[in-house]
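>>> Just the structure for this:
(2 chains)
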Number of protein chains: 2
Amino acid sequence: MRTTRWTAAALLLVAAACKPPAETAEQMATRMAAEADSARTAIAAQDRRFEAAMAGGWADSLAALYTEDASMMAPNMAGVTGREGIRAAFAPMMQGGKATLTLNTVSVVANGPMAVERGTYHFTFTPTRGPAQPDSGKYLVHWHKVNGTWLLADDIWNSDAPMMPAGSAKRN
Amino acid sequence: MRTTRWTAAALLLVAAACKPPAETAEQMATRMAAEADSARTAIAAQDRRFEAAMAGGWADSLAALYTEDASMMAPNMAGVTGREGIRAAFAPMMQGGKATLTLNTVSVVANGPMAVERGTYHFTFTPTRGPAQPDSGKYLVHWHKVNGTWLLADDIWNSDAPMMPAGSAKRN
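Numbers count the residues shown, from 1 in each chain, chains lettered A, B, ... in the order given. Below you'll find the model as predicted:
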């Protein structure tokens, strides 16, 4: 009888202790802050690889930083989906001149395999023939951790430069 | 002695059963898919409120859909941070004409209090005096669940329309 009673007590104790692990809001905030710190370091390293691939004109290396089914949303053209489409979108630009990109991370939020990075960029494209075209703006990237590596899953940016009002071009 | 032994057994059992709740990759994928479904419904409702606030010209209602420290990154201007700054950025446009916005969600990914929505938009601004200015493009929103309500934490979009090449304006 004593054994049975203790078995029952043990099972009750296990059941009570092993309820779904209800993470408190505070615990979640603490965990997510730690994950954001860790993701920020890893994402900064990926950003440096992105800049290096851009400077080198390596469309393959650039595309390899995106997930297989990533979405790349450049201004003034339709969005592009998939790593191969992204490579094909970057390649012609890279063949037409030299691109220099600087990414500046402003914030990273992370939870498990998902992270969101917000930042600002400076970009200069210097065509093979023609003057440098500098631009500054902002970006938002949804990163996804795939087999331990953070990859761009969604990438979008836009320019801070005011639109040229219609009819403002030189008229001489 | 028997009691002591059973107590030890019970404690061991609790310890074994209550190891950190290691969610398998498969369990996480299943949970996140369910959370994305649920978030997608709630975010669609918020998108309808966003469209209604835009159509009504209600900058306050629009700003209230953002988190207190949200970031709104419109094309061709610097990013704006904070709900009041966002309200102040929308208000002048809304006073200068009628805006009509349609949001089309393409994908939602969620994990706990964080979600990322990718979509396409159609936007028409009709100034009080002047022709309608239609635009189509794409957007990425980082949503954050605050006290049970999904709010925009980061909002960025850009146009699909090709840039007007410099000097292309009418010269007559």
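>>> contacts and neighbour counts: CA atoms only from here.
Noted.
>>> and the lengthiest helix in chain A, what other elements does it pack with?
Looking across chain A with DSSP state H, the single longest helix is helix A:25-56. Packing partners of helix A:25-56 (3 or more C-alpha pairs under 8 Å, 6 or more residues apart in numbering or on different chains; DSSP states H and E): helix A:59-63, strand A:97-111, strand A:149-159.
>>> And the following helix or strand past the shortest one, what does it pack against?
I take that to be helix A:59-63. Per DSSP states H and E, the first helix or strand lying C-terminal to helix A:59-63 is strand A:66-73. Contacts defined by 3+ C-alpha pairs under 8 Å, 6+ apart place strand A:66-73 against strand A:80-81, helix A:83-95, strand A:149-159.
>>> in the longest helix of chain A, what counts as buried?
Going by neighbour count (16 or more other C-alpha atoms under 10 Å in any protein chain shown), the buried part of helix A:25-56 is A:32-33, A:35-36, A:39-40, A:43, A:46-47, A:50-54.
>>> pLDDT of it, averaged?
Averaging pLDDT along helix A:25-56 gives 96.
>>> Just want the angle from it to strand A:66-73.
Helix A:25-56 and strand A:66-73 are oriented at 80 degrees to each other (axes from the mean of the first three to the mean of the last three C-alpha atoms, to 10 degrees).
>>> Quick check: of the buried residues of helix A:25-56, which lies closest to chain B?
Of all those, chain B sits closest to residue A:32, with 10.2 Å by C-alpha to the nearest C-alpha.
>>> wait, the closest one sits on residue A:111?
Yes: counting by C-alpha atoms under 8 Å, residue A:32 does reach residue A:111; the two are 5.6 Å apart.
>>> Identify the residue spatially nearest to residue A:69, adjacent ones excluded.
The shortest distance from residue A:69 to any non-neighbouring residue, by C-alpha to C-alpha, 6 or more residues apart in numbering or on different chains, is to residue A:82 (4.2 Å).
>>> now check stretch A:112-123, is it near chain B?
Yes: using C-alpha under 8 Å from any C-alpha of the partner chain, we find that stretch A:112-123 touches chain B at A:112, A:114, A:116, A:118.
>>> These in strands, which ones?
A:114, A:116, A:118 (DSSP state E).
>>> need the contact list for the second one.
For residue A:116, the contact set (C-alpha atoms under 8 Å, 6 or more residues apart in numbering or on different chains) comprises A:108-110, A:140-143, B:142.
>>> List the beta-bridge partners for it.
Judged by DSSP bridges, the bridge partners of residue A:116 are residue A:109, residue A:142.
>>> Can you report how many residues neighbour residue A:129?
The number of residues packed near residue A:129 is 8, by other C-alpha atoms under 10 Å in any protein chain shown.
>>> SS state for it?
State at residue A:129, reduced to three classes by DSSP: H, G, I helix; E, B strand; the rest coil: coil.
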